[in-house]
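**Student:** Build me a model:
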Amino acid sequence: MLSLCRLGLSHHPALHKRYISFPFYPSASVKFTCVPLHKPSRIAAASMEAPPPGYRPNVGICLINPSNKIFSASRIDIPEAWQMPQGGVDEGEDPRIAAIRELREETGVSSAEILAEVPYWLTYDFPLEVREKLNKRWGSDWKGQAQKWFLFRFNGEEEEINLAGDGSEKPEFEQWSWMTPEQVIDRAVDFKKPVYEEVLKYFAPHLQSDPASKI
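**Tutor:** Model (predicted):
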């Protein structure tokens, strides 16, 4: 059974305040580093220095815990839609810096380190109704998103995870859970599944399951 968590803050009435206990992991200083990357998959698009035209620049974050389970959360506006954290890249912003910022804004997590990144952009197209809704909100005409993906390892205590984020942005998530790669893909919306499959295939060397894990 998945371990689901519904978190909130007293100053954010949109989220119900409820806590459950978790085991503590050793705390660590905040650090963001990178290890050498393995050879890109032949299935993905060719490496690109910039996202392709017509796609909104975006970063995706695959956050894993010490048991190599992956953080996934359900959206407040679409509770049945589960996803890994992601967010737009500001103009002139380095994707790595954007990933660190988005992780903190959406989950409150700063105790993490970058283990790897997918060295090319992966794209997905919005379904028509999603495209119309988002472009109306953004005042744009993007046909989809181009994502640069980063693998983070969480090395803090689980109480640090807060779906109200760091308070700088409106919360996007309602519940969260640590999942296997298969569960992450299964719960993702259909139009994101191909990107998730490619990302988790690329990060597979870091995602070997811990047989002792009961999460």
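**Student:** what about the helices in the chain?
**Tutor:** 95-107, 128-138, 181-187, 193-202 (DSSP state H).
**Student:** Show me how far the second one is from its chain's centre.
**Tutor:** What it means is helix 128-138. Centre-to-centre, helix 128-138 and its host chain are 21 Å apart (CA atoms, centre = their mean, to the nearest Å).
**Student:** Residues in contact with it: which ones?
**Tutor:** Contact with helix 128-138 is made by Arg56, Asp125, Phe126, Ser140, Asp141, Trp142, Lys143, Gly144, Phe191, as judged by CB atoms under 8 Å, 6 or more residues apart in numbering. C-beta here means a position set from N, CA and C on the backbone, and glycine is covered the same way.
**Student:** Apart from its neighbours in sequence, what residue is nearest the fifth one?
**Tutor:** This means Asp141. Once flanking residues are discounted, Asp141 sits nearest to Asn135: 5.6 Å by CB to CB, 6 or more residues apart in numbering.
**Student:** And stretch 114-134, how far out from the chain middle?
**Tutor:** Worked out by CA atoms, centre = their mean, stretch 114-134 lies 12 Å from the chain centre.
**Student:** That one: which residues count as buried?
**Tutor:** Neighbour counts using 16 or more other CB atoms under 10 Å place Ile114, Leu115, Ala116, Glu117, Val118, Tyr120, Trp121, Leu122, Thr123, Tyr124, Phe126, Arg131 of stretch 114-134 among the buried residues.
**Student:** before we move on, what about stretch 172-187?
**Tutor:** 172-181, 183-185, 187.
**Student:** go on, stretch 57-71?
**Tutor:** Neighbour-count burial for stretch 57-71 flags 57-65, 68-71 (criterion: 16+ other CB under 10 Å).
**Student:** cool, stretch 137-152 as well?
**Tutor:** Trp142, Gly144, Gln145, Ala146, Gln147, Lys148, Trp149, Phe150, Leu151, Phe152.
**Student:** Need the residues you listed in CSV (columns: pLDDT and distance to Ala50).
**Tutor:** Listed next are the buried residues of stretch 137-152 as CSV, based on pLDDT from 0 to 100; distance: CB to CB, whole Å:
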residue, pLDDT, distance to Ala50
Trp142, 93, 15
Gly144, 95, 15
Gln145, 96, 14
Ala146, 97, 9
Gln147, 98, 13
Lys148, 97, 10
Trp149, 98, 16
Phe150, 98, 17
Leu151, 98, 22
Phe152, 98, 23
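**Student:** Tell me the one of those residues nearest Arg104?
**Tutor:** Phe152 (10.8 Å; CB to CB).
**Student:** residue contacts, that closest one?
**Tutor:** Phe152 neighbours (CB under 8 Å, 6+ apart): Ile61, Cys62, Leu63, Ile64, Ala99, Leu103, Val109, Ala112, Glu113, Ile114, Leu115.
**Student:** repeat that with 10 Å
**Tutor:** Counting by CB atoms under 10 Å, 6 or more residues apart in numbering, Phe152 touches 32, 61-64, 71, 85, 99-100, 103, 107, 109, 111-117.
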